[in-house]
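> Build me a model from this:
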Amino acid sequence: MTSFWTGSRIRLRGIEPDDWAAFMRFAEDEERLGDLLNPPRSAESFRDWARKQAAAKSDGDCFGLAIEAVETGDTVGAVGSHQADPRAGWFEYGVTIGADHRGKGYAAEAVVMLLRFMFAERRYHKCAARIFAHNEASLALHRRLGFVEEGRLRDHVFQAGRHHDLVMMGMLAEEFAQLHSTSEPDGLESRR
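Residues are numbered from 1 along each chain as shown. Next up, the predicted model:
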């Protein structure tokens, strides 16, 4: 049997200390794309962060995973659950793919794997995602995967000298089950 965490293109795994350089590149990519603007960080701060992530104990259903390309073994992105309310049955997640690895289906496969785990194994009812309105590629990805726009927070974030809308998207477990297999390892088989 293939690992639950290995698909046709990617493998999800824990963050290792050696991943620091990839995460530093992801932060630079996000800044260039206008997704995130933070003060510059040292390489040592990324090394320290990666060491702490590698040694961290699981925080319930909130966790971060590295996305590794099966073909090359490169760390190409990250995916994780940032908030979870098991009592109400919802969680929020995020995904990032390095700029030189975009457009290869890595994000879609990683998101489907994560959703399959959270819906089928952890029994959550709803997934939420917050997406900057100017990030058309991310909005298109989420629509393709079956997420529905649930609202828009106008001028909610301030970046690069101006305010931007934040789009709230969501997917219910039943919607996921209608569109994606709940048992296939790579998760991209669609029932449409």
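
> Name the SS class of the residue most central in space within the chain, please.
Among the residues of the chain, the one closest to the centroid is residue 95, at 2.0 Å (Cα atoms, centre = their mean). Under DSSP: H, G, I helix; E, B strand; the rest coil, residue 95 falls in the strand class.

> Check the spacing between it and residue 71 real quick.
Residue 95 sits 19 Å away from residue 71, going by Cβ to Cβ, to the nearest Å. C-beta coordinates here come from the backbone N, C-alpha and C atoms, glycine included.

> cool, and residue 109?
Distance from residue 109 to residue 71, by Cβ to Cβ: 13 Å.

> And these two? Which one has more around it.
residue 109 (22 against 10; other Cβ atoms under 10 Å).

> confidence score at the more buried one?
Among the per-residue scores, residue 109 shows a pLDDT of 97.

> Surely it and residue 8 touch.
Yes. The pair residue 109 / residue 8 is scored as a contact, 7.1 Å apart, by Cβ atoms under 8 Å.

> Give me the secondary structure label for residue 22.
Following three-state DSSP, we place residue 22 in the helix state.

> ok, and the closest non-adjacent residue to it?
residue 75 (3.9 Å; Cβ to Cβ, 6 or more residues apart in numbering).

> Low-confidence ranges, this protein, go.
Across the chain, the ranges flagged by pLDDT under 70 are 1, 34-37, 184-192.

> looking at this, residue 26 is in a helix?
Yes. Under three-state DSSP, residue 26 sits within a helix.

> picking up where we left off before, any common contacting residues for residue 109 and residue 71?
Shared contacts of residue 109 and residue 71, defined by Cβ atoms under 8 Å, 6 or more residues apart in numbering, comprise residue 9.

> Show me the strands in the chain, by range?
With DSSP state E as the criterion, the chain has strands at 10-13, 63-69, 75-85, 90-97, 126-132, 148-159, 162-172.

> Turn these into a markdown table, columns for distance to residue 47.
Formatted as a markdown table, the strands of the chain follow (distance: least, Cβ to Cβ, whole Å):
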| stretch | distance to residue 47 |
| --- | --- |
| strand 10-13 | 19 |
| strand 63-69 | 15 |
| strand 75-85 | 14 |
| strand 90-97 | 19 |
| strand 126-132 | 28 |
| strand 148-159 | 27 |
| strand 162-172 | 31 |
